[in-house]
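In: Below is the sequence, then the predicted model.
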Amino acid sequence: MAKTRFKNVQSVRGRDGTLRRYHRTTRARLPDDIDSPDFAEAWAREERATRPGREVGAIAGTYGDLAGQFWQSDEFAALAARTQADYAKVRDYMLANGAENFVARDLMQEHVETILSVALDQTNRRFAEYVLQFNRRLFNWSQERAARKRRWGDGNPWRDVKLPKQRAPLGLRRAYVLGASGFDGGTMMTLDWDSYRDGRIGDTARGKTGVTAATIVPAPLRPFLEQGERRPGPIVTNAHGEPFANVNAMQTRSSEFLRGLAADGVVGEGLTMHGLRHTLGRAMAETGAPIKAIQGALRHATERMAMKYSAGADQVRAVEDAVDHVGAWFNQEEKQ
């Protein structure tokens, strides 16, 4: 299980080598073991002390006002420390993305569906689930008393909302287009928009083999590559529009996304980004492309590496021919 990251924590190593931890804002000493329940509970207590709610400037009746009051409530204090830490991330995300001054009673289901959709694009499915969970609980709390309803409205716009179907962020969708165009993960991460012109990517060397070739992105896939904002720099980016740290980071994000699709029954198990290269090779072979064309498209060092695709296609054609001959024989018998 991934460790929880705690904000506003300062670590100081004493002369005796002991690592002491403090809350940056309140300067309170925290338990030394950052993975312990005692640490999480103490951290959550200090965080609550720095978020006093409406009296520090939140406008009455707004989402910021509601979140601040809930943060100071006994109901929030009763939650597990780990839950408080997760909810703190959601609250900070919502406020950082402009929700602070939303009039709470004016929020409708279509508004929160948009918020969830944006959260999916900007983060990941797990975090978007936390966004839904936190806000549903937040507005349920606002409905528990008449005074709260008068202040924040008498409805919960998050009650019947469902998380949108899993979809890849823009940068990852572009990676899938490049994979289906013949690039492996390492090579596609070296591509930038300066190398792309009207469906063509200029001469690029494959890191694994050193083979250099130009690439034509298949016409049906170009709209998926070109949609959205094209910032100068790499074509493949993470959910924040920044380059992935490395190939493993990109492949890990892709695997998480594809597992989500498989869990939803959208695709079968075992689908991978690298498998898109193999799909291209098979498609070319099955439509009669020569070995040289397959070799060039996939940047293989030798024809032999590309022959596995044509061999598989030859086997398929042989079986199809056999079926045709058997069918012809049966038709001939019926005529006699």
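Out: Sure thing, it's come through.
In: which residues does the residue nearest to Ala99 when sequence neighbours are not counted contact?
Out: Using Cβ to Cβ, 6 or more residues apart in numbering and skipping the chain neighbours, the partner closest in space to Ala99 is Tyr63 (4.8 Å). The way it works is simple: take the backbone N, C-alpha and C, and place the C-beta from them, glycine included. Tyr63 sits next to Met94, Ala99, Glu100, Asn101, Phe102, Val103, Ala104, Leu107 when contact means Cβ atoms under 8 Å, 6 or more residues apart in numbering.
In: Which of these are buried, as a PyMOL select command?
Out: Entered in PyMOL, the line below selects the buried ones among the contacts of Tyr63, by 16 or more other Cβ atoms under 10 Å:
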select buried, resi 94+99+100+102+104+107
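In: tell me the two of the contacts of Tyr63 that are most distant?
Out: Farthest apart among the contacts of Tyr63 by Cβ to Cβ are Met94 and Val103. That separation is 14.4 Å.
In: Show me the strands in the chain, by range?
Out: Per DSSP state E, the chain carries strands over the ranges 9-13, 19-23, 29-30, 196-197, 200-205, 212-216.
In: Quick one: low-confidence residue ranges for the chain.
Out: 1-4, 48-57, 166, 310-336 (pLDDT under 70).
In: Geometric centre of it: which residue is closest?
Out: Nearest residue to the geometric centre of the chain (Cα atoms, centre = their mean): Asn124, 3.9 Å.
In: domains of the protein?
Out: As assigned by automatic domain parsing, the chain contains the domains 9-152, 170-282.
In: of all those domains, which lies closest to Lys292?
Out: Nearest of the domains of the chain (Cβ to Cβ): domain 170-282, 11.2 Å.
In: for the closest one, how far is the first residue from the last?
Out: Taking Cα to Cα, to the nearest Å, the first and last residues of domain 170-282 lie 26 Å apart.
In: Make 57 the first number, not 1, from now on.
Out: Shifting the count to begin at 57 puts that one at domain 226-338.
In: for it, the distance to its chain's centre please.
Out: The chain centroid and the centroid of domain 226-338 are separated by 14 Å, computed with Cα atoms, centre = their mean, to the nearest Å.
In: How about stretch 148-167?
Out: Put simply, stretch 148-167 sits 22 Å off its chain's centre (Cα atoms, centre = their mean).
In: if we can go back for a sec, mind checking the domains of the chain for the one nearest to Leu219?
Out: domain 65-208 (5.9 Å).
In: For the closest residue to Ser129 other than its chain neighbours, grab the count of nearby residues.
Out: Computed as Cβ to Cβ, 6+ apart, the closest residue to Ser129 that is not its neighbour in sequence is Trp197, at 6.9 Å. By other Cβ atoms under 10 Å, 18 other residues sit near Trp197.
In: Please, where are all the helices along the stretch 157-306 of the chain?
Out: 165-178, 181-198, 202-208, 226-236, 241-244, 278-282, 303-319 (DSSP state H, counting those that start in this stretch).
In: taking those helices together, which one is wrapped up most tightly?
Out: Most buried of the helices of the stretch 157-306 of the chain, by mean neighbour count (mean count of other Cβ atoms under 10 Å): helix 226-236, with a mean of 22.
In: helices or strands next to it in the packing?
Out: helix 241-244, helix 278-282, helix 303-319, helix 331-342 (3 or more Cβ pairs under 8 Å, 6 or more residues apart in numbering; DSSP states H and E).
In: between it and helix 331-342, what angle do the directions make?
Out: If you take axes from the mean of the first three to the mean of the last three Cα atoms, to 10 degrees, helix 226-236 sits at 30 degrees to helix 331-342.
In: And the contacts of helix 226-236?
Out: By Cβ under 8 Å, 6+ apart, the surrounding residues in contact with helix 226-236 are 177, 224, 241, 244, 247, 273-274, 277-278, 280-281, 283-284, 291-295, 297, 306, 309-310, 313, 329-330, 332-333, 335-336.
In: mind running it again at 6 Å?
Out: Met244, Leu277, Phe280, Leu281, Gly284, Ile291, Val292, Thr293, Asn294, Met329, Leu332, Leu336 (Cβ atoms under 6 Å, 6 or more residues apart in numbering).
In: Start and end of stretch 275-289, how far apart?
Out: End-to-end span of stretch 275-289 (Cα to Cα): 23 Å.
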